[in-house]
Each structure stands twice: as C-alpha cells, then as structure tokens.
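[1] show me how the following folds:
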Amino acid sequence: MLIQCTFAVACIANIALIEAFTLSHQHVKAPTPATSISWTSFRSIERSISTTRRTTSSSVHNILKASNIGSENSELGALGLDEKSMEFAMGYLNKHHSEVLRKFAMAFSPLGVTQAKKNAFSGGSFNIESASVVNIQYAKYNESGAPHNSYMELDVTVQIRGEKEPKVERQKVLMDATPNTETRSFRNLDLVPSLQPDSSFEVNTIDDFIRRLNRLCVIVNSLAATGKLVQLGFQIGGDKLALLKEDMYLNQVPHNRYIRKYFYDLAAKAALDAVVACSNGEISNRMTITSLFPESNSSMDSYRLGTLLELIRSVAITLAEQNLRVRVCVQGSMGVGIFTATPKQLSGAATLLQRMDWQSGPGEENEGMVGDYINFGGVGKEHVVDAGEDRRGNEIKQDDVFILLCPQSMIGVDASIMDALSEMVDAVGDRPIILLNPDLTDKISSQGQQNIRGRKERMEFADSFQSIYHFQNIYVSGTSYFPILGAVSKPSHRDPWVAYQRRDGLNNGGEVYVPILSTEKQADGEMILANFD
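    Residues are numbered from 1 along each chain as shown. Sure, this is the predicted structure:
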C-alpha cells in the first residue's frame, strides 16, 4: 500500500514515516468558508434581528443562524475509522513505533502496575519486553450520539524472572487513558476536548484519532512520534489542516501576492469559525490571532505595515460578508505631556486603514460595506457602540464583532494598554473581540506602573484570551531572522499546536514544512529544537 513519493519528499527520507509510507505532496489551496456568501447577495436580505438587540453574543448567533453559517453538522457523519485506515495505522505503528506501544503498555495497562510493584522489591523480576497493536476500536459517537469509549488492544510480551519463555497478554488501552499512579515517570495531561454531535462543525474522525494518540505519546515522553503521526493522518484520510503550503519561500522578501493571500485566508477562515463557535457558547468571546510570517512581524526589518492592514481587511470583510457588523480598532496615542506617542509599529495605521481600498464604492464588489457593516475606532470603552437611538430618533446599529490591531503597551509612565483594553472588554460584554498580533507583556516604566504592582492581574487578563489562529516562523535566535528553520502553527481554535521543520529539496527542488511535534499546549523553543533533525 505504498504511494510513490514525489521528489520534494524524497529529500527528507530520513523520517521513518516517509521511509515506509511516503506522502504525495500537493499544493493546498487556501481554505474558504464552506458557506461563505457574497456581499452582493446579502444586500438583498432584510435583517430579521430586532432593533433592540441585547449587548450579547446571542445577536451574533441569530445573524449567523439566519445566514445558515455553522449549520453544516446536521448529521453525525462517519462513526469511526474504516477498516482500510485502521489496518494501515496498525501496520505503521507496529513497524515504526513498537517502543511507543511498549510504553503505552507500561503507562496505561494493569501490566504496568504489576511491573512497578514487583520491580520495586527486585529490579528486573517483571519486564514488559514489547507490544504490538492488534485492534483499534475508535468512534466519535455511538448510534445514540453519546461519546464512545475508544481503545486500542495490544498484545504485550512479558518476561517473568524464573520462567523460561515469555508470555503474551492482551491489554486494552483507552484513547483517553490516564497513566497509572504507580508509574511515577509519566505525568498526566488534560483530555482532548470531546466531540459532540450538536457541535457547530464536523471534525474529521481520523484527525481526532491522531490527536488523541498524540496525547498518549506526549504522556509517555515520545514527542518525536507525534510529528510522524500527524503525517500518518495526512495519508489515511485526515483533513490536512496541519499541512502547510509547499514552496512558500518566506526567506524571500517581499513575498509573492499568493503567499500573502494564503495567510490572509487562513486567518479569516479561523476567525469566522471562532465567531460561529462563540455564538453557540462553545468558546470564550476573547480571542487572539497571531500571524507572524516575516512581512507581518513588526520586530523584523522585513515588516510591512501594508501587509498587516491587508490581513485585518481580509478578516473584517469575511465577517461582514456573513451580515455581521465589525468595528476595526487601532489604539491611539498614550503617555503624558510631551511623552505622548503611538507605538512605532502602528504609526499612521489608523489613517491608512480608512484610506485603503475596501472596494466599497458605488458599483464595486463591497458597495456600501464601509460605514455600514465595517466601521473604525480606537481602544477604549467609548469606542463600543450598542444598539439604541441618537438624539434625532435614528436607529443606531450595534457592533457585533471587534477586531483590535496589535494592541500593546509602550515604555514610559501611563503608557499601558491594559486599562483601556480591560474597560473595552467589559463594555463589549460577550460579543466576540479579536486581538490581532497583540503584545500584552509589561514594558519598562517608572514608578513601577508596569513592573510589580498589579502584574498578576495583568497576566491573568492576558491569559484570558484564547488563540484561534497562530503562525510564527522559527529562527536560529531572537536576533537572527534568516534562515528560517521552521514554524509553529495552530490552524484554528479546535486544533492542536504543530511545530514544523523547513527542509530544502535537492538541486533547488523546492521546500517543504515537515511536522515534527504536535501538542495540546504551545511547546517552548527548547522542546521544539530538541525534535529537529
């Protein structure tokens, strides 16, 4: 069942997965919302939402429901792995990850408890020598829609002191297993979020299976296997959300237009998915998008403000196309007296944002969008518009979604963004608020305003925002931005974190980003670099 390998992947044949089960790489088109509706079609739709909508995400939910967004999951979908995928997965695991399976038996089966107890008195009296998987029982739900207890069955070979021949025992390992308490070398991790049949989006069965398998790998300290299992998911029918585009050549600045659009579309798709999930009460309304490819990374000399503005424009238009009113916000000047300024990364951003081409003029694609469904503002509670009436009795439409461009503090007195941002978050209520490339860390200031006093509260506030999309390149060091070693990505709020190593093809044969690590929480730099080849 081998697939012929393309030349771009042949150059990285030292990865065990690709040695035996090779990938057929294809260029991946940037995903777009499956139910995206053009702006012109929305022009003919009368809004059925009450003019006295509450300042809550329920209004967003009603708008999206009227637009038929997030209702794709009307059926349970595939209930489990098909036989072909299961056989392929078992064959790969037995051939390339037998040591990982042995650790599974030690950490998650009763044999691991027995080994720990017997060897506590006399080392080597009970030894788990090997393990192989003989069956995978996996399903997202049972027929009634309730969560299913998925598991693997392992044939475990055990050698007991005093016995001539080892014996084989069959053990069951749950996909959501926790390590045996007697086995102290393995630390437990939080469970992967359970799939619900009434969720806003259908999650691919194979992707969920690989994700739960990777959690077990992290528990038994087999981190190197997680990246290879992600590649396994590409082959046996996963959605390939973690598969990055080939031949991006991000070392070349300025980037090609199609590369910029690729990242714009990824961020916009993730934002729409998150807003839908928020309107259904599945995630918090506090969100962050981090898109730090070289042109959008303000700490690099390749930074291009125009790229960042095009990115936020793409996100805003994608949301407005779903009949949502979006307010795009850029912080104003901060400081005291003559020490008043705007962060240099945002210098002129507010003016340029309003003057850039939104295709919103008469006869254009987004005619009438700006000023109606897309408006601009700053950071602070005074920039939050709620439903009501003005002095003349005219109806005021409330904002549905807020997007803040690079909110950050500055060095100096009274230059912290935290107060204005927290007041704005309180005024927003539970409507979605998205921070694009935020920097909420403390800066150097006099009188300890950003040093010690209130630091715990500021850190808790910053941590309350959930990442709904993340892409960031990996470099040799913090001051050397080339060459690019790899990347860290989180495609959406539902997906795990994946680290990649960038590899060049032989004889200028292109470049690919190869998954090397997958975790539920963002891995630190030391962990990522330890898994580089």
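[2] okay, CA-based contacts and neighbour counts for the rest of this
    OK.
[3] partners of whatever helix or strand K172 lives in in the sheet?
    Using DSSP states H and E, K172 sits within strand 167-174. Sheet pairing of strand 167-174 (DSSP bridges) gives strand 151-160 (antiparallel).
[4] what comes into contact with the strand it pairs with?
    Residues from elsewhere that reach strand 151-160 (Cα atoms under 8 Å, 6 or more residues apart in numbering): 101-102, 105, 125-138, 165-175.
[5] in ChimeraX, select just the buried ones from the residues you listed.
    Only the buried entries of the contacts of strand 151-160 go into this ChimeraX selection, using 16 or more other Cα atoms under 10 Å:
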select :101,102,105,126,127,128,130,131,132,133,136,138,168,170,171,172,173,174,175
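[6] show me where pLDDT drops low in the protein?
    1-59, 61, 64-80, 140-148, 195-201, 335-339, 412-415, 444-453, 478-480 (pLDDT under 70).
[7] and stretch 477-489, how far out from the chain's middle?
    19 Å (Cα atoms, centre = their mean, to the nearest Å).
[8] typo on my end, stretch 95-115
    Computed by Cα atoms, centre = their mean, the chain-centroid distance of stretch 95-115 equals 30 Å.
[9] isn't I136 right up against M86?
    Yes - counting by Cα atoms under 8 Å, I136 sits close enough to M86 to count as a contact (6.6 Å).
[10] helices or strands up against the helix or strand where R502 lies?
    Using DSSP H and E, R502 maps to strand 497-504. For strand 497-504, the packing partners by 3 or more Cα pairs under 8 Å, 6 or more residues apart in numbering; DSSP states H and E come out as strand 480-490, strand 511-519.
[11] what is the orientation angle of it with strand 480-490?
    140 degrees (axes from the mean of the first three to the mean of the last three Cα atoms, to 10 degrees).
[12] and the strands in the stretch 251-400 of the chain?
    Residue ranges of the strands in the stretch 251-400 of the chain, as given by DSSP state E, counting those that start in this stretch, are 286-292, 326-329, 334-336, 339-341, 374-377, 388-389, 395-396.
[13] can you redo those as a markdown table with mean neighbour count?
    Converted to a markdown table, the strands of the stretch 251-400 of the chain look like this (neighbours: other Cα atoms under 10 Å):
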| stretch | mean neighbour count |
| --- | --- |
| strand 286-292 | 23 |
| strand 326-329 | 24 |
| strand 334-336 | 16 |
| strand 339-341 | 15 |
| strand 374-377 | 19 |
| strand 388-389 | 14 |
| strand 395-396 | 14 |
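[14] gap between the strand holding K172 and the chain center?
    On Cα atoms, centre = their mean, the centre of strand 167-174 falls 35 Å from that of its chain.
[15] right, and the helix or strand after that strand?
    Downstream of strand 167-174 (by DSSP H and E), the next one is helix 205-219.
[16] that following helix - contacts with which helices or strands?
    helix 224-235, strand 511-519.
[17] give me the contact list for the following helix or strand past the last one.
    Going back to what we said before, that points to strand 511-519. Downstream of strand 511-519, the next assigned helix or strand under DSSP H and E is helix 525-530. Helix 525-530 is contacted from outside by A499, L517, using Cα under 8 Å, 6+ apart.
[18] next one: stretch 466-486
    The contact list for stretch 466-486 (Cα under 8 Å, 6+ apart) reads 250-251, 267, 270-271, 274, 284, 286-294, 300, 487-494, 499-502, 513.
[19] same question, stretch 86-105
    16-17, 21, 111-112, 128-136, 154, 156, 171, 173, 216-217, 220, 222, 225, 232, 236.
[20] and of the strands of the stretch 251-400 of the chain, who's closest to L311?
    strand 286-292 (8.9 Å; Cα to Cα).
[21] list the helices and strands the closest one packs on?
    helix 257-279, strand 433-436, strand 466-477.
[22] adjacent strands (with direction) for the second one?
    According to DSSP bridges, strand 433-436 has the following sheet partners: strand 286-292 (parallel), strand 401-405 (parallel).
[23] show me what I136 is bridged to.
    With DSSP bridges as the rule, I136 is bridged to M152.
[24] quick thing: my sequence starts at 316, can you match it?
    Noted, 316 is the first residue going forward, which turns the last one into I451.
[25] among the strands paired with strand 748-751, which is nearest K560?
    Judging the strands paired with strand 748-751 by Cα to Cα, what sits closest to K560 is strand 601-607, at 15.0 Å.
[26] relative orientation of that closest one and strand 781-792 in degrees?
    30 degrees.
[27] distance from the host helix or strand of E444 to the middle of the chain?
    In this assignment (DSSP H and E), E444 forms part of strand 441-452. Relative to the centre of its chain, strand 441-452 is centred 33 Å away, using Cα atoms, centre = their mean.
[28] and it, what does it pack onto?
    Right, strand 441-452 is packed against helix 398-411, helix 413-423, helix 425-436, strand 466-475 by 3+ Cα pairs under 8 Å, 6+ apart.
[29] quick one, the last one and helix 398-411 angle?
    Looking back up the chat, that one is strand 466-475. Going by the same axes, to 10 degrees, strand 466-475 makes 30 degrees with helix 398-411.
[30] with adjacent residues omitted, what lies nearest to V535?
    F501 (5.8 Å; Cα to Cα, 6 or more residues apart in numbering).
[31] my guess is the one you found contacts I534. True?
    Yes - the criterion here is Cα under 8 Å, and F501 meets it with I534 at 5.9 Å.
[32] mind listing the shared neighbours of these two?
    With Cα under 8 Å, 6+ apart, F501 and I534 have common neighbours P494.
[33] what's the spacing between L531 and P494?
    Distance of L531 to P494, computed by Cα to Cα, to the nearest Å: 9 Å.
[34] compare these two and say which is more crowded by neighbours.
    L531 (29 against 24; other Cα atoms under 10 Å).
[35] show me the contacts for the more buried one.
    Contact partners of L531, counting by Cα under 8 Å, 6+ apart, are F419, M490, D491, A492.
[36] which of those sits closest to G647?
    Looking across the contacts of L531 and measuring by Cα to Cα, the closest to G647 is D491, at 47.8 Å.
[37] and that closest one, its phi and psi?
    phi -110, psi 30 (degrees, to the nearest 10).
[38] hmm, back to that, to K659, which of the strands paired with strand 748-751 lies closest?
    strand 716-720 (13.1 Å).
[39] how distant is the closest one from the center of its chain?
    Offset of strand 716-720 from its chain centre (Cα atoms, centre = their mean): 18 Å.
[40] circling back to that earlier point, just the buried members of the contacts of stretch 781-801?
    Counted by 16+ other Cα under 10 Å, those give 565, 582, 585-586, 589, 599, 601-609, 802-809, 814-817, 828 as buried.
[41] tell me the spacing between A665 and L634.
    A665 is 20 Å from L634, by Cα to Cα.
[42] neighbour count for those two, which is higher?
    Using other Cα under 10 Å as the criterion, A665 and L634 rank with L634 on top: 24 against 19.
[43] distance check, the closest residue to the more buried one other than its chain neighbours against N377.
    Spatially, and ignoring its direct neighbours in sequence, L634 is nearest to L587 (6.2 Å; Cα to Cα, 6+ apart). As judged by Cα to Cα, L587 and N377 stand 15 Å apart.
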